[in-house]
Structure formats: structure tokens, C-alpha cells
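Chemist: Have a look at this prediction, sequence included:
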Amino acid sequence: MTQQATCLPESIHSLKRKRDMSYEDGPRMFQDQLAEKVRPFIDLIDDMRSIGIDKELPLPTIAVVGDQSSGKSSVLETLSGVALPRGTGIVTRCPLLLQLCKDRTVKWEAVISYRDKVNEFDEPSEVVRYVEQAQSALAGKGVGICEDLITLKITSSMVCDLSLIDLPGITRVAVKGQPDDIGAQIKNLISKFIKNKRTIILVVVPCNVDIATTEALKMAQEVDPEGTRTLAILTKPDLIDRGAEKNVLEIVHNKVIFLNMGYVIVKCRGQKQIDENMSITCAIEEELEFFRNHEHFRSLLREEKATTKCLATKLSNALVNEIKKYLPKMSENIKEQMGEVKHLLSQIESGPPLQPAEKRKYLIQVITDFNDQITQLSKGDIIVVEHLFELMRKEFTEWMECLKNAKSHYHKVVQQVVDEYDQKHRGSELPGFTNYRVFQHVVQKLVAELKNPAMMTLQKIRDMVQKQFNHLSRESFKNYPYLHQVSMKNIETIQEQQSTIVKERIVEQFEMEMQVYTQDEIFNKHILEEGKTAGGKEHDTRSKYPGLLKAYYEIVVQRLADQVPMLISYFMLKESAKIVCSEMLDLLSRDDTDNILQEDSEIEQKRAKLKAQVDRLILANDKISSV
């Protein structure tokens with residue numbers, strides 16, 4: 001069984017300031033005091049992530065990045081005190097959130113969770129099995145990767161208070177069984193974590209390689225070019241060539257690649273020590289002796305730039321400082337998002353009641369609300385998208401313009417017919433006598449030409465009315481597919497039926513116009529007006545026929561100018577609205593209320609998602625307020 005590591009997050013200087021404490025009790029009391037200050041903030045972020053608030057806003061965290069074989073696993077093992085999966089190729093195949101909780105009342109216990117699965121255990125040697133099992137469940141068996149997070153929470157008296165996310169090691173070449181773009185997949189996964197400006201990037205780099213060529217540091221520099229949130233760990237100091245120590249010291253002292261958070265050098269278990277089953281506790285002790293006795297690196301102990309203990313302290317402090325700095329902004333963001341989500345939720349109805357009697361009342365209300373809007377629309381009392389009556393008025397004005405344009409054409413044709421009759425068709429009759437049927441035919445022919453424009457006006461008005469009826473249907477029944485479908489079908493059918501009626505009425509109107517008739521009183525009035533225009537009162541000669549026909553056409557125009565719009569408005573809007581309302585009320589006589597009020601699955605999911613989001617934000621706000 002792998003022994004647990006002792007992780008003491010205190011510095012030498014801070015211990016010296018506790019001179020009033022005994023040698024035995026001082027360090028322990030200081031650790032407890034430090035834990036009291038550190039733990040609440042780390043717990044806050046862990047709780048935020050556990051309730052899923054990281055879906056709403058980025059959370060402060062530490063992401064561990066390193067090339068394959070950089071020593072990343074050894075560092076994490078030393079920090080956590082337990083062995084983690086090892087091997088060749090990609091070992092970390094899913095992001096692993098490692099939550100370390102120091103608790104002197106607990107011997108050792110762990111909880112691993114992913115998706116909806118949770119496993120509790122109290123044996124450190126079981127960590128490898130559970131992590132591998134989780135990775136296989138998420139990423140499949142083999143060497144593939146997955147972006148789903150695995151959370152491993154370890155509570156022990158011998159760990160530090162720290163949370164960090166271990167990410168897959170960067171690889172350049174795919175091995176057997178891996179997709180060719182595995183390197184790109186891993187980089188994309190790492191980028192999603194480290195591009196968050198609240199993330200502290202922990203880059204693991206071996207001492208025995210050129211630091212400038214490591215892919216992990218390059219990726220960190222891409223998202224953090226000024227190095228303000230990057231901390232580098234130098235591993236494997238025992239493997240550097242003689243004479244290269246000064247180069248390593250320059251790196252640690254921030255003289256090669258500057259990082260605002262600096263560097264820490266550590267020495268973890270090597271493969272030989274792992275094969276020999278060296279415990280992590282012994283490895284920590286050996287690490288301290290290594291630096292104490294090293295000719296070049298012993299000074300780094302005094303500078304607090306060496307050992308895993310020093311690293312743990314730096315990481316805990318850095319994470320807590322980032323959390324404290326971000327806390328006011330996080331609280332503000334949560335409140336803003338809560339307002340936005342509640343507003344979105346308010347736009348989605350709460351849904352139908354569960355009780356049958358209440359559900360029926362609800363259906364009555366839903367249909368009544370729709371019918372009220374249709375009725376108001378037909379009266380011009382509400383505006384949907386655009387003002388329907390204004391749109392219709394524009395079309396009727398176009399119809400009037402069509403009549404006026406036809407009038408000028410009519411006058412011209414009438415004069416041509418009169419002239420032609422004088423030349424070709426007059427027989428033995430004296431001037432002033434003309435064949436009435438000839439001019440009746442002219443009137444009928446020219447009036448008949450107005451039928452198509454009237455039908456086009458009908459079609460345009462139908463499209464307008466149907467569009468706005470459909471809009472009301474979508475808005476009123478957007479949560480209820482069946483009601484929407486029924487209402488849309490009713491609207492289409494009724495509009496088609498009413499359109500047929502109006503077409504028949506318009507045809508009837510034009511057939512009546514073929515009679516060439518009006519009351520004498522009305523006609524005489526128009527004749528007098530034409531006569532005054534012509535400068536005389538006589539109208540019984542052929543020379544006055546154009547004026548007589550023009551006078552009659554004015555009567556025709558006036559009839560059609562009013563009658564066609566009235567027919568269209570009445571049947572396509574007023575009557576259609578009444579019939580649609582009646583058809584919708586018929587649904588209340590049915591017994592299948594549940595089917596009628598069946599909600600759109602997307603609406604149900606959206607409502608559930610928004611409610612869950614509100615709950616998360618409320619809980620997150622409460623947790624922030626309690627810190």
C-alpha cells in the first residue's frame with residue numbers, strides 16, 4: 001500500500017515568527033491556523049464547481065500542464081500522497097480534479113465522482129483502480145481521451161488544502177490505437193482550461209531539457225504571454241548534466257523566461273524508486289536531504305524555491321489569493337446572471353397544472369386569451385408585428401389607384417369607339433341616334449378588365465391577415481404543439497373558405513356591373529356634372545356620348561371602390577376571426593385535455609434547464625455570502 005505524503009504548507013520564516021510555540025506544537029498549530037484561512041475559500045470554489053456554477057462563469061483553479069514524461073504524475077503523487085495511474089503513452093485520459101482536504105480528525109478517505117456516478121472508499125491503494133475505471137467509462141477502453149471531468153476528493157490529516165486539475169500530457173506522435181490527430185485533441189482540451197483568465201497554469205518542465213522548447217510552456221505563453229498567472233515546476237534535478245546547474249539556477253531565478261509567479265524546483269520519486277516501492281513519505285524526506293546537501297541548489301531552500309512542501313504552500317496561497325481577488329466580481333456576475341435567467345424563465349409559462357380540474361380551467365384560459373387577441377386584431381385594437389389596418393388601407397388605396405388609372409384608359413377607349421361608330425357603323429339614322437348596345441358592350445368590356453386586379457387585392461389581403469393570425473397562434477401556443485397545429489390548420493382552412501366566398505361575391509359584383517345600371521337620379525346628377533364641365537346642359541347628341549359614358553363610369557368606380565374592400569374586410573378579417581374563435585372553443589368539448597396541453601419537449605427541457613440554473617445561482621450566491 002502506498003503511504004501518504006506529509007504536506008506542510010508553512011514556510012521556514014513564518015515558523016520563526018511563532019517563537020512562543022513549542023517546537024512540537026508550533027508547526028501543527030500554524031498549519032491549523034493556515035488551514036482555517038485557506039480551506040473556506042478552496043471549499044467555496046470546489047462547492048461552486050460541484051453545483052455546476054462553472055457552466056455559468058469561469059472559476060479560479062489550478063491546471064497542471066506538462067509534456068509526456070515531464071514528471072507531472074510524480075509531482076501530483078507527492079502532493080496527494082497516493083499513487084496515480086502510470087504507464088507509457090497517455091495515462092491521464094480525462095481531466096482529473098484533485099481536491100485535497102486537510103482534516104486531522106480523519107485518517108484517510110476519498111470520493112471519486114464522474115457524470116452521475118459516485119464511489120466512496122477508504123483505501124489509498126484503490127485510487128489507481130477507481131481512476132482507471134472512471135477513465136474507461138468516460139473515454140472508453142484504450143488510449144482515447146475525453147473532456148468530461150473526473151473529481152477525486154481526498155480527505156486526510158497528511159495532505160495540504162489544495163485543488164487542482166490534472167490534464168493529459170502533451171504528445172506529438174500518435175501510438176497504436178490512437179487517432180492521428182490525438183496531439184491536436186489534447187492541445188484543444190488543454191486550451192479550454194488554460195485560456196480561462198482565472199486559471200493558474202502550473203507548467204511541469206524537466207530540468208534536463210531546454211525549457212524554451214517544451215510544448216507545455218509554449219501553450220502557457222500563448223494564453224498568458226506576460227506570465228502573470230503561470231507557475232513552473234522544474235523536475236528531475238538529479239538527472240541534469242554536471243556543469244548545467246548554473247543554467248537551472250538562472251531559470252529558477254527568473255532570468256531566462258520570466259514568469260510573474262516564478263519557479264519551484266522539486267525532486268520526486270524516479271522510476272527506480274517506484275520500482276523499489278519507496279513510499280512517498282520517504283521520497284519527501286529524501287527530497288529535502290537532496291536539496292540540503294546539493295552544492296548548487298541548497299540556497300533554494302532558504303529562498304523557498306525548492307521542495308514539494310514549498311510548492312504546496314505557493315499553490316495554496318496563489319489559489320486563495322486569486323479566489324479572494326475574484327470574489328467581488330464573481331458575486332456581481334452571479335447576481336447579474338440570476339436576473340437574466342429569471343427574466344428568461346418569466347417569459348416561459350410555468351406550464352399547465354397537474355390536477356385535471358385545474359388543467360381544464362387552464363386550457364379554457366389559454367384558448368380564451370388567444371380568441372381575445374384574434375378578436376382585438378380584427379377590430380384594430382392591437383398591433384401584431386405591423387398594424388394590420390394600415391397595411392390593408394395601403395392595399396385598398398392601391399385598388400383605388402388601379403380604378404383611377406383604368407378611368408383614363410376608359411375615357412380614351414370610349415372616344416375611339418364613338419369616332420369609329422361614326423365612320424363605320426352609322427346607317428341611315430340621323431345624327432344624334434346611336435346603337436345603345438354598342439356602348440353597353442364597351443362599358444362591360446372595360447369594367448370586366450378590373451376583375452383580375454380585384455382578385456389580386458383579395459389575395460394580398462388574405463396573405464396579410466393569415467400571416468398575423470399565424471403569428472398570434474405561434475405566440476399564444478408556442479409551448480403547446482397540438483394547439484398550435486390545430487389553430488394553424490383552422491386558420492388556413494377558414495381563410496381558404498372565406499377567400500372562396502369573397503371570390504364568388506366579387507364575381508357576382510362584376511356580373512351585376514354587366515347590367516350597366518344605376519338609378520336615373522344618380523345618373524342625371526353625374527350627367528349634369530359632366531355637362532357643367534363641358535359648358536352646356538344638352539346631352540342628347542352623339543357628340544355628348546363620351547361624357548355620358550364617363551358619367552356612368554364614375555358611378556361604377558364608386559361602387560367598386562367601396563364594395564370590393566368591404567367584401568374583403570368583412571369576410572377575410574371580421575368573419576374569419578369569428579369562425580376561428582368558434583373552432584377553437586370546440587376543443588373545450590373534448591375529453592383529452594392532457595393531449596391538447598402536451599408541452600413541446602424543448603420548452604420543458606428549457607424550463608427545467610433555466611430552473612436548475614436559477615437554483616445553482618441562488619445556491620452559489622448564498623455560499624459566497626457565507627464566506
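Modeler: Structure's in. What do you need?

Chemist: Show me the shaky parts of the chain.
Modeler: Applying pLDDT under 70 to the chain picks out residues 1-36, 87-90, 174-177, 349, 411, 414-415, 417-436, 438-439, 520-523, 526-546.

Chemist: And the lengthiest helix in the chain, how far out from the chain middle?
Modeler: In the chain, assigned by DSSP state H, the helix with the most residues is helix 308-346. Mean C-alpha position of helix 308-346 versus that of the full chain (C-alpha atoms, centre = their mean, to the nearest Å) differs by 22 Å.

Chemist: Just the buried residues of that helix, please?
Modeler: 308-316, 318-320, 322-323, 326-327, 330, 333-334, 337-338, 341, 345 (16 or more other C-beta atoms under 10 Å). Bear in mind the C-beta positions are built from the backbone N, C-alpha and C, glycine included.

Chemist: Skip ahead from that helix and say which helix or strand is next.
Modeler: Using DSSP states H and E, the helix or strand that follows helix 308-346 in sequence is helix 356-379.

Chemist: helices or strands up against that following helix?
Modeler: Counting contacts by 3 or more C-beta pairs under 8 Å, 6 or more residues apart in numbering; DSSP states H and E, helix 356-379 is packed against helix 451-476, helix 481-513, helix 576-585, helix 593-596.

Chemist: now do 10 Å
Modeler: Applying 3 or more C-beta pairs under 10 Å, 6 or more residues apart in numbering; DSSP states H and E, one finds that helix 356-379 contacts helix 388-420, helix 451-476, helix 481-513, helix 576-585, helix 593-596.

Chemist: Other residues contacting the last one?
Modeler: Counting by C-beta atoms under 10 Å, 6 or more residues apart in numbering, helix 593-596 makes contact with 352, 356-357, 359-360, 362-364, 366-367, 480, 482-483, 486, 587-588, 590, all of which sit outside it.

Chemist: cool, stretch 450-461 as well?
Modeler: 388, 391-392, 394-396, 398-399, 401-403, 405-406, 410, 498-499, 502-503, 505-507, 509-511, 513, 556-557, 560, 563-565, 567-569, 571-573.

Chemist: for stretch 383-393, same thing?
Modeler: Contacts of stretch 383-393 (C-beta under 10 Å, 6+ apart): 373-374, 376-382, 457, 460-461, 463-465, 467-472, 475, 565, 568-569, 572-573.

Chemist: and Leu164, what helix or strand is that in?
Modeler: strand 162-166.

Chemist: which other helices and strands contact whichever helix or strand comes after that strand?
Modeler: The element immediately downstream of strand 162-166 (helix or strand, assigned by DSSP H and E) is helix 182-194. The contact analysis (3+ C-beta pairs under 10 Å, 6+ apart) places helix 182-194 against strand 61-66, strand 199-206, helix 215-223.

Chemist: Redo the ones you listed as a markdown table? Include mean neighbour count.
Modeler: Converted to a markdown table, those look like this (neighbours: other C-beta atoms under 10 Å):
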| stretch | mean neighbour count |
| --- | --- |
| strand 61-66 | 25 |
| strand 199-206 | 25 |
| helix 215-223 | 19 |
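
Chemist: What I need now is those written out in JSON lines, including distance to Leu450 for each item.
Modeler: Below are these laid out as JSON lines (distance: least, C-beta to C-beta, whole Å):
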{"stretch": "strand 61-66", "distance to Leu450": "76"}
{"stretch": "strand 199-206", "distance to Leu450": "75"}
{"stretch": "helix 215-223", "distance to Leu450": "72"}
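
Chemist: for the ones you listed, which one sits closest to His253?
Modeler: strand 199-206 (15.1 Å; C-beta to C-beta).

Chemist: Each with direction, which strands does the closest one pair with?
Modeler: strand 61-66 (parallel), strand 230-235 (parallel) (DSSP bridges).

Chemist: and the first one, how far from the chain's centre?
Modeler: Read that as strand 61-66. Offset of strand 61-66 from its chain centre (C-alpha atoms, centre = their mean): 28 Å.

Chemist: got the angle between that strand and strand 162-166?
Modeler: On the basis of axes from the mean of the first three to the mean of the last three C-alpha atoms, to 10 degrees, strand 61-66 is oriented at 40 degrees to strand 162-166.

Chemist: Export only the CA atoms of strand 61-66, formatted as PDB.
Modeler: Below are the C-alpha coordinates for strand 61-66, written out as PDB (Å, rounded to 0.1, in the frame of the first residue of the first chain):
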ATOM      1  CA  THR A  61      -8.500  27.000 -10.500                       C
ATOM      2  CA  ILE A  62      -5.000  25.500 -11.000                       C
ATOM      3  CA  ALA A  63      -4.500  23.500 -14.200                       C
ATOM      4  CA  VAL A  64      -1.500  21.200 -14.400                       C
ATOM      5  CA  VAL A  65       0.100  21.000 -17.800                       C
ATOM      6  CA  GLY A  66       3.200  19.100 -19.000                       C
END
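
Chemist: Which is the succeeding secondary structure element to that strand?
Modeler: Strand 61-66 is succeeded, C-terminally, by helix 72-80 (DSSP H and E).

Chemist: so that next one versus strand 162-166, what angle?
Modeler: Calculated by the same axes, to 10 degrees, helix 72-80 forms an angle of 160 degrees with strand 162-166.

Chemist: which element follows helix 72-80 toward the C-terminus?
Modeler: strand 96-102.

Chemist: so after that following strand, what's the next helix or strand?
Modeler: With elements assigned by DSSP H and E, the helix or strand that comes after strand 96-102 is strand 108-114.

Chemist: Tell me the buried residues in that next one?
Modeler: 108-110, 112-114.

Chemist: Would you map out the domains in this structure?
Modeler: Here the domain assignment for the chain is 12-340+621-626, 356-596, based on automatic domain parsing.

Chemist: Can you tell me which of the ones you listed is most buried?
Modeler: Neighbour counts averaged per stretch over the domains of the chain are highest for domain 12-340+621-626, at a mean of 18; criterion: mean count of other C-beta atoms under 10 Å.

Chemist: Could you work out which of the domains of the chain reaches nearest to Ala612?
Modeler: Of all the domains of the chain, domain 12-340+621-626 comes closest under C-beta to C-beta, at 8.0 Å.

Chemist: what's the offset of the closest one from the middle of its chain?
Modeler: 32 Å.

Chemist: Let me see the contact set for Arg93.
Modeler: Going by C-beta under 10 Å, 6+ apart, Arg93 touches 85, 131-132, 134-136, 138-140, 142-146, 150, 168, 186.

Chemist: Among those, which ones are in helices?
Modeler: In helices, judged by DSSP H, the following of those are found: 131-132, 134-136, 138-139, 186.

Chemist: Going by distance to Glu583, which of the residues you listed wins?
Modeler: Out of the ones in helices among the contacts of Arg93, the member with the shortest distance to Glu583 (by C-beta to C-beta) is Leu138, at 53.0 Å.

Chemist: thinking Cys282 is in contact with Arg269, fair?
Modeler: Yes - applying C-beta atoms under 10 Å, one finds Cys282 in contact with Arg269, separated by 8.8 Å.

Chemist: coming back round to it: who does the strand holding Leu164 touch, helix- and strand-wise?
Modeler: Partner elements for strand 162-166 (3+ C-beta pairs under 10 Å, 6+ apart): helix 25-50, strand 61-66, helix 72-80, strand 96-102, strand 150-156, strand 199-206, helix 308-346.
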